[in-house]
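*Asks:* Sharing a model that was predicted from the sequence below.
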Amino acid sequence: MTSTLEVSPAARRSAELDAEITADASRFRILTGDRPTGPLHLGHYFGTLHNRVRLQRRGVELGLVIADYQVLTDRDVADDLDAHVLGLVADYLAAGIDPQEAMIFTHSAVAALNQLMLPFLSLVTVAELQRNPTVKDEIAHSRQAGVSGLMFTYPAHQAADILFCKANLVPVGADQLPHLEVTRTIARRFNDRYGPVFPEPEALLSRAPLLLGTDGTKMSKSRGNAITLGATAADTARLIRSAKTDAQRHITYEPGTRPEVASLVLLAALCEDREPGEVAAEIGGGGAAALKARVTEAVNARMAPMRALRAELAADPGYLRSVVREGNARATERAEVTLGQVREAMGTRY
Ligand code: TRP
């Protein structure tokens, strides 16, 4: 029988993987990444970034792709890509990613990675690409009048992002699971058809619950409802002051019935490393004003060291660029080795 408490198979497998990582982190290689569409916000931080830093500190090898071609799947213009890429690197490093260990690269700079997409596309059918739920959802929210070919091919491109370095673990949100299925399918079919080259990577689902934006809808860069990693303390206070709450005075943590209040409570709890129920009980009759004061204080205290570091990094774009260049060189070396193995397997080494 299905109950709301039932854990999905993907979540159960993620918990097992977590235990395997604790037992031996050196078995795992992670590849994950982001589109450079603007600064990262607290939803990204608590949803994925914090977890990446944690995994890296446990000794898992980490690759981060800055998906600068994927940006073009749902819009016609790639505005300010250079600034967005450097901003993303600053966000990563400020959050605690170690650039000596992690390979941070832009996929447009890694020619051999992109070339893998051609044999990969031959391994999936048009129908499979068309019925991919993530692609369908992104088409529904696209800002383009017509859907471009890139929209359909990018799950295969994402497979190339993951497989060029033979990553076996991909930390993603549940919305990205269909893409990971495409990657696994491509790896399996390639190995069956041409011989064993690729691992079948697994998803590592984030355990963090979803944070809402200050207007009660999904936290998103484009909706003006997001507190960015690099926001000032004053910007943070202003955004939280304007946040939506509800008519009930007493503060509780009830995500199902009071999503806006619950999301604010959750944000304070995440920043303070506490349980949201406890935080809500402490505020109780203090109402929305006390809640907002608590959230503002918690966010600003938790983010202060990261923000200071981020400001220092942002003042040195030459350094940020050198991190990307170094990552691009390392990724290119890896991708060329893998492409060599693919050529060997396919019999296209002349
Ligand atoms: N599609 C991801 C997003 O929009 C970004 C991404 C590109 C990615 N390549 C990846 C994530 C490979 C994981 C693995 O957020």
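*Replies:* Cool, the structure landed.
*Asks:* Give the bridge partners for T32, please.
*Replies:* Legend: beta-bridge partners of T32 under DSSP bridges are L64.
*Asks:* check contacts around it.
*Replies:* 48, 52, 63-65, 170-172 (Cβ atoms under 8 Å, 6 or more residues apart in numbering). Quick note: C-beta positions are derived from backbone N, CA and C, even for glycine.
*Asks:* Give the helix, strand or coil label for A15.
*Replies:* Secondary structure, DSSP: H, G, I helix; E, B strand; the rest coil: A15 is helix.
*Asks:* Pull the number of nearby residues for it.
*Replies:* The tally of other residues near A15 (other Cβ atoms under 10 Å) stands at 12.
*Asks:* Can you give me the neighbour number for P259?
*Replies:* The local packing of P259 (other Cβ under 10 Å) involves 17 other residues.
*Asks:* again, but for S263
*Replies:* Here the count is done by other Cβ under 10 Å, and S263 has 25 residues near it.
*Asks:* mind checking how far it is from V126?
*Replies:* Distance, S263 to V126, by Cβ to Cβ, to the nearest Å: 40 Å.
*Asks:* do the same with R189
*Replies:* Separation of R189 from V126 (Cβ to Cβ): 15 Å.
*Asks:* Turn the contacts of T32 into JSON lines, columns for pLDDT.
*Replies:* Listed next are these as JSON lines, based on pLDDT from 0 to 100:
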{"residue": "T48", "pLDDT": "90"}
{"residue": "R52", "pLDDT": "94"}
{"residue": "G63", "pLDDT": "98"}
{"residue": "L64", "pLDDT": "98"}
{"residue": "V65", "pLDDT": "98"}
{"residue": "V170", "pLDDT": "95"}
{"residue": "P171", "pLDDT": "91"}
{"residue": "V172", "pLDDT": "84"}
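*Asks:* Quick check on those: which are buried?
*Replies:* Buried positions within the contacts of T32, assessed by neighbour count (16 or more other Cβ atoms under 10 Å), are 48, 52, 63-65, 170-172.
*Asks:* would you list the residues you listed in a markdown table and tack on distance to G277?
*Replies:* A markdown table is the format used below for those (distance: Cβ to Cβ, whole Å):
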| residue | distance to G277 |
| --- | --- |
| T48 | 24 |
| R52 | 27 |
| G63 | 37 |
| L64 | 34 |
| V65 | 37 |
| V170 | 32 |
| P171 | 27 |
| V172 | 28 |
